[in-house]
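In: got a predicted structure plus its sequence, pasted below:
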Amino acid sequence: MSEKDDFDLRIFLPYLLNQAAEEASLSFQQVYKSRYGMLRTEWRVLFHLGIYGELTAKEIGTRAKMHKTKISRAVQKLAERRFLMRVRDATDRRSEKLSLTPQGRAAYEDLRTVAARHDAALTGRFSAADVERLREMLVALAEPSQASKG
């Protein structure tokens with residue numbers, strides 16, 4: 001192969017976003033893993049319930065863009081640790097309403113404080129205007145686009 005490939009993976013946006021997300025997540029991951037033995041999907045389910053209150057697993061999946069199997073495993077683990085309650089939906093027996101227990105609420109409050117500090121440390125390297133613009137751009141990228149539908 002004599003032709004030089006000029007594709008630079010290091011600046012390919014999906015790759016770069018993934019690398020940035022992994023790096024940004026590592027120290028926060030150490031906290032929720034060491035304090036509560038949680039995996040990434042578990043803390044995400046915990047935070048959705050902490051922020052939005054009672055939700056179904058399907059609602060969490062839609063909000064968090066997570067596969068239902070991963071959510072199901074996370075819900076099971078959180079229920080085993082008594083961080084959440086599951087109540088069968090009276091109108092749809094196939095569905096369960098999920099909510100945090102007092103123990104789950106305490107874990108959420110603790111991790112929310114750590115998450116806010118972690119966010120401040122990450123964004124502290126940039127100006128307030130840059131942080132605001134970065135958040136706006138990431139929110140726009142997180143929205144489904146017409147390009148992804150084709």
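Out: Arrived safely, thanks for sending.

In: wait, Arg88 sits on Glu96?
Out: Yes - with contacts counted by C-beta atoms under 8 Å, Arg88 reaches Glu96, the gap being 5.7 Å. C-beta: built from backbone N, CA, C; applies to glycine.

In: higher neighbour count, those two?
Out: Between Arg88 and Glu96, counted using other C-beta atoms under 10 Å, the more crowded position is Glu96 (18 against 10).

In: name the nearest residue to the residue nearest in space to the middle of the chain, ignoring sequence neighbours.
Out: Per C-alpha atoms, centre = their mean, the C-alpha nearest to the average position across the chain is that of Arg44, at 4.3 Å. The spatially closest residue to Arg44, leaving aside those adjacent along the chain, is Ala64, at 5.3 Å (C-beta to C-beta, 6 or more residues apart in numbering).

In: give me every residue that touches the one you found.
Out: By C-beta atoms under 8 Å, 6 or more residues apart in numbering, Ala64 lies in contact with 44-45, 48, 71.

In: returning to what we had before: list the residues that contact the residue nearest to the centre of the chain.
Out: Each residue near Arg44 by C-beta under 8 Å, 6+ apart is listed here: 64, 66, 74.

In: now do the strand or helix carrying it: distance to the chain's middle.
Out: With secondary structure defined by DSSP states H and E, Arg44 is part of helix 40-52. On the basis of C-alpha atoms, centre = their mean, to the nearest Å, helix 40-52 is displaced by 7 Å from the centre of the chain it belongs to.

In: stretch 108-120 now?
Out: Taking C-alpha atoms, centre = their mean, the mean C-alpha location of stretch 108-120 is offset from the chain mean by 13 Å.

In: contacts for that stretch?
Out: Outside stretch 108-120, the residues within contact range by C-beta under 8 Å, 6+ apart are 27-28, 31-32, 35-36, 43, 46-47, 49-50, 100.

In: again, only this time at 10 Å
Out: Among residues not part of stretch 108-120, those counted as contacts by C-beta atoms under 10 Å, 6 or more residues apart in numbering are 24-25, 27-28, 31-32, 35-36, 38, 43, 46-51, 83, 100, 131.

In: give me the mean pLDDT for the longest helix belonging to the chain.
Out: Longest among the helix segments of the chain by residue count, using DSSP state H, is helix 13-36. The average pLDDT for helix 13-36 rounds to 93.
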